[in-house]
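A.B. asks: here is the input, now give the coordinates:
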Amino acid sequence: MLPYLVLGLVLALAPASGEPLIQGSLSKDLDYLHEYFQKQVLPKWRDEPHVIADHPARRFCYLPGKDVFVTGAPEVRVEPGSIRMEVQLGRRIIQVARDVQGPAVVVVPGVSYYKVMALAGQYVCEVGEVILAGRPPRFAAVLKRDDQVIAREDLGELFLADVEYWVYSDRVVMRVLGFRPEGGWSRYREGEPLAITVTFDLGGGRILVDRVKVTDAALVERMRELSRSLEGPVLGSVLRTGSGVEPLFVDFEPREGDPLVRFIERVFGMYEQGASEEELREVMSEHPNVEFLFPEKGGGTTSGIPVWVLPLLPVPLAGRRDDA
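C.D. replies: Numbers count the residues shown, from 1 in each chain. A predicted model of the protein is given here:
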């Protein structure tokens with residue numbers, strides 16, 4: 001009797017036939033990212049954060065895996081079972097690795113639009129932008145097995161609005177919503193609204209593509225709203241698994257006149273003007289959790305190489321900054 005009970009329990013917990021293991025959309029993932037930025041990242045930024053800066057910057061990147069802000073965006077590499085991020089700061093490299101067990105979906109900023117990648121066993125399914133200078137955005141679907149491309153399909157030129165996705169045990173389906181560009185050189189505008197269904201057949205090692213014109217007026221208007229939301233000031237990467245969603249990094253620009261941004265600019269300005277180490281230490285004590293990587297003076301090929309780094313001082317028991 002026991003084997004039958006175990007079998008019944010397994011069947012009860014397993015997804016029903018045709019039921020996706022993971023489902024979501026790029027727009028929902030970005031909504032989560034923006035909420036995380038408001039509730040988690042901004043409060044940290046206002047409360048004497050740990051910052052590593054190798055140059056005066058307008059944009060900063062928060063790495064939850066390291067709990068640190070840096071003046072550079074990470075390069076993201078997605079492989080079966082793992083996600084690796086790397087930030088180059090002078091000669092210093094900050095790496096964050098995330099092992100992924102089971103199916104998952106990762107969204108990562110691309111050239112103009114986000115890339116959506118699904119991990120399913122030894123496969124990585126990707127819809128992303130193809131770089132073509134002077135042309136409207138063009139997208140392609142790529143299927144990789146063990147990091148080798150086994151199938152690729154051109155999706156054509158598209159102003160992206162959203163990517164909906166469903167991950168099954170034997171296939172991954174992505175519905176790409178967007179507008180086909182119309183018009184002449186440098187005067188492209190939104191044209192025909194399209195829904196491109198991309199099916200990654202894992203067992204067959206192939207990609208199936210179906211294109212239809214979107215005729216529902218409400219959906220077309222929603223697509224226009226979503227396309228505008230992709231241009232928001234907050235960027236980043238999100239990981240969605242069967243157990244939920246989490247941020248991998250958040251890239252943002254503090255408001256104009258942010259005190260911490262001005263402080264970092266001031267310190268680098270003093271360094272470039274030849275301030276002594278003693279003078280720099282005195283000024284840097286105002287925000288001891290900011291770690292500076294100073295480039296070698298003289299520029300040239302050595303620019304960006306840290307010569308000396310001021311050590312982090314004890315975390316102050318200061319109150320929160322409310323002006324970020």
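A.B. asks: correct me, but S229 touches L30?
C.D. replies: Yes: because the distance of 6.9 Å satisfies Cβ atoms under 8 Å, S229 is recorded as touching L30. Glycine gets a C-beta too; all of them are placed from N, C-alpha and C.
A.B. asks: and for those two, which residues touch both?
C.D. replies: Shared contacts of S229 and L30 (Cβ atoms under 8 Å, 6 or more residues apart in numbering): none.
A.B. asks: comparing those two, which residue is more hemmed in?
C.D. replies: L30 (21 against 15; other Cβ atoms under 10 Å).
A.B. asks: what bridges to the residue nearest the centre of the chain?
C.D. replies: A centroid search over the chain (Cα atoms, centre = their mean) returns S237, at 2.2 Å, as the residue closest to the centre. Taking DSSP bridges as the rule, S237 bridges to F249.
A.B. asks: quick one: residues contacting it.
C.D. replies: V76, M85, V106, V107, V108, P109, P247, L248, F249.
A.B. asks: could you pick out the buried ones from those?
C.D. replies: V76, M85, V106, V107, V108, P247, L248, F249 (16 or more other Cβ atoms under 10 Å).
A.B. asks: pull the contacting residues for the first one.
C.D. replies: With contact set as Cβ under 8 Å, 6+ apart, V76 has these partners: I83, R84, M85, V106, V108, S237, L248.
A.B. asks: one more pass at 10 Å, please.
C.D. replies: By Cβ atoms under 10 Å, 6 or more residues apart in numbering, V76 lies in contact with 83-86, 96, 106, 108-109, 115, 117, 237, 248-249.
A.B. asks: among these, which two are most distant?
C.D. replies: Largest separation among the contacts of V76 by Cβ to Cβ: V96 and K115, giving 18.1 Å.
A.B. asks: neighbour count: the two, which is higher?
C.D. replies: Neighbour count, other Cβ under 10 Å: between V96 and K115, K115 has more, with 21 against 18.
A.B. asks: where does the nearest residue to the more buried one once chain neighbours are set aside fall, phi/psi-wise?
C.D. replies: Sequence neighbours aside, G128 is the residue nearest to K115 in space, at 3.6 Å (criterion: Cβ to Cβ, 6 or more residues apart in numbering). Per-residue torsions, G128: phi -150, psi 170 (degrees, to the nearest 10).
A.B. asks: likewise E246?
C.D. replies: Per-residue torsions, E246: phi -150, psi 150 (degrees, to the nearest 10).
A.B. asks: hmm, it is touching V238, no?
C.D. replies: Yes: judged on Cβ atoms under 10 Å, E246 makes contact with V238 at a distance of 7.3 Å.
A.B. asks: can you list residues touching both of these two?
C.D. replies: Y32, Y36.
A.B. asks: comparing these two, which residue is more hemmed in?
C.D. replies: V238 (24 against 14).
A.B. asks: downstream of the host helix or strand of M270, the next helix or strand is which one?
C.D. replies: Using DSSP states H and E, M270 maps to helix 259-272. Using DSSP H and E, the helix or strand that directly follows helix 259-272 along the chain is helix 277-284.
A.B. asks: direction included, what does the helix or strand just after that following helix pair against?
C.D. replies: With elements assigned by DSSP H and E, the helix or strand that comes after helix 277-284 is strand 290-295. Using DSSP bridges, the strands paired with strand 290-295 are strand 51-53 (parallel), strand 306-309 (antiparallel).
A.B. asks: can you flag the weakest of those by average pLDDT?
C.D. replies: Per-stretch mean pLDDT for the strands paired with strand 290-295 is lowest at strand 306-309 (a mean of 45).
A.B. asks: ok, I196 touching G156?
C.D. replies: Yes: here I196 reaches G156: they are 7.9 Å apart, a contact under Cβ under 10 Å.
A.B. asks: which one's more surrounded, those two?
C.D. replies: Shown here are I196 and G156; by other Cβ under 10 Å, I196 has more neighbours (22 against 18).
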